[in-house]
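J.: I would like the atomic coordinates for the input below:
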Amino acid sequence: MDSNLLMLLAVLPGILIIIYVYRKDKVEKEPWRLIGKLVFFGMLSCIPAAFMESFIDGLMPSWPQGSLAYALSMAFVSAALCEELFKYLFLRIGSWNNPNFGYRFDGIVYGVSVAVGFAILENILYVSQGDLTVALMRGVLAVPLHAFCGVFMGVFFGAAKKAQIEGRGSGKLTFLALFVPMMIHGTYDTMAFMGDSVATVLLLAFVLAMYIVSIRCIRRYSMDDASSAFYPDMDAFPGQGGYTSYGAGQGGGFDAGQNAGFGRGSGGYVYGPRGTQTSGQRPHPGQVSDGKIVLICPHCRRGLRVPVGAGRIRITCPHCGREFNEIT
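T.: Reported below is the predicted structural model:
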């Protein structure tokens, strides 16, 4: 078998999964550069996970291979614990404080990206030592398994971020971001390590069920994405050729808490809550339209629009929460 074709088959399933999830990000698509970084972080997470697995394996009792005790210990204590732990750590490092992280569905995009990065490198190692059958089987079973874990890690990861921003405790959600993927991963690996015909049938049924549940989960959070912004004034509404902009609070000041609102200008594009646009060209700092001026926060460098001609006002950036003074 051509080695180049095998490598393509090792990588292709992960790429297709990322594209699918990316297309479901309806409000503000994440930058490909950030997604690429997280995929790379997922690959890096393989290294400490492998060392930790080897260390734990050395401490395990010598249960017979194929026994339930062997399968459970290797699946949950070794593989699931180590792999999901380091995937989460690299996910947290790579995205928690990223300014693009503004919606719950972003967590799913990030979680899947890290999980697929891990799966791609792992798949390359397995396929390079196998054949076409290995590549095809892992492409429909093992790689999606990591993606399933990434979906549910991302669901709770995004919820934890939202809870932290809103001043609520995020510890339980952080725990679930680790625990749920570990249970999914451990259940899959237990049946895979058993290796008998009954376990194989159960494994296939489990994977099919996870396909259905994960796709439904992605669709649900994709549809709810516009209402799941981390900041109330970041909620996106479909524009009809105009800006989606931030309004002013009482007294001419800009309040990102209670007084922020939305307005539409007459421009030919939508100006989104991260200083991005969905069509047309990007408005530039100082541009005035419909009595609003485009300002750039000096702290996070993202755009917002406030009334022009109000004189010197104090503005609270809706993105980073920092205050600054500006003359409009």
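
J.: quick check: next helix or strand after whichever strand or helix holds P181?
T.: Under the criterion DSSP states H and E, the helix or strand holding P181 is helix 171-194. With elements assigned by DSSP H and E, the helix or strand that comes after helix 171-194 is helix 197-223.

J.: can you pull the buried residues of that next one?
T.: Within helix 197-223, the residues that qualify as buried by neighbour count (16 or more other C-beta atoms under 10 Å) are 199, 203, 206-207, 210, 214, 217-218, 221-222. For the C-beta atoms, the positions are set from N, CA and C on the backbone; glycine is no exception.

J.: closest to F193 out of the residues you listed?
T.: Proximity to F193 was ranked across these by C-beta to C-beta; first place goes to A199, at 8.3 Å.

J.: please, where are all the helices along this structure?
T.: If DSSP state H is used as the criterion, the helices of the chain fall at 3-23, 32-59, 68-72, 81-95, 104-128, 132-140, 142-165, 171-194, 197-223.

J.: which of those helices sits closest to V308?
T.: Evaluated over these, closeness to V308 peaks at helix 142-165, with 29.7 Å, by C-beta to C-beta.

J.: how distant is the closest one from the center of its chain?
T.: Its chain's average C-alpha position is 7 Å from that of helix 142-165, according to C-alpha atoms, centre = their mean, to the nearest Å.

J.: and that helix, what's its mean pLDDT?
T.: Predicted confidence along helix 142-165 averages 94 (mean pLDDT).

J.: can you show me the CA trace of that helix as CSV?
T.: These are the backbone C-alpha positions of helix 142-165, laid out as CSV (Å, rounded to 0.1, in the frame of the first residue of the first chain):
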residue,chain,number,x,y,z
ALA,A,142,-10.9,5.9,16.9
VAL,A,143,-10.7,9.4,15.4
PRO,A,144,-14.4,10.1,15.8
LEU,A,145,-14.1,8.8,19.4
HIS,A,146,-11.5,11.6,20.2
ALA,A,147,-13.8,14.1,18.5
PHE,A,148,-16.8,12.9,20.6
CYS,A,149,-14.7,13.6,23.7
GLY,A,150,-13.7,17.0,22.3
VAL,A,151,-17.4,17.9,21.8
PHE,A,152,-18.4,17.2,25.3
MET,A,153,-15.2,18.7,26.8
GLY,A,154,-16.0,21.8,24.7
VAL,A,155,-19.6,22.0,25.9
PHE,A,156,-18.6,22.1,29.6
PHE,A,157,-15.4,24.2,28.8
GLY,A,158,-17.5,26.9,27.2
ALA,A,159,-20.1,26.7,30.1
ALA,A,160,-17.2,27.1,32.6
LYS,A,161,-15.9,30.1,30.8
LYS,A,162,-19.4,31.7,30.8
ALA,A,163,-19.9,30.9,34.5
GLN,A,164,-16.5,32.5,35.4
ILE,A,165,-17.4,35.7,33.4
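
J.: ok, the closest residue to L68 other than its chain neighbours - contacts?
T.: Here the nearest residue to L68 in space, its sequence neighbours aside, is M194; by C-beta to C-beta, 6 or more residues apart in numbering that works out to 7.1 Å. Residues touching M194, when contacts are defined by C-beta atoms under 8 Å, 6 or more residues apart in numbering, comprise 66, 68, 71.
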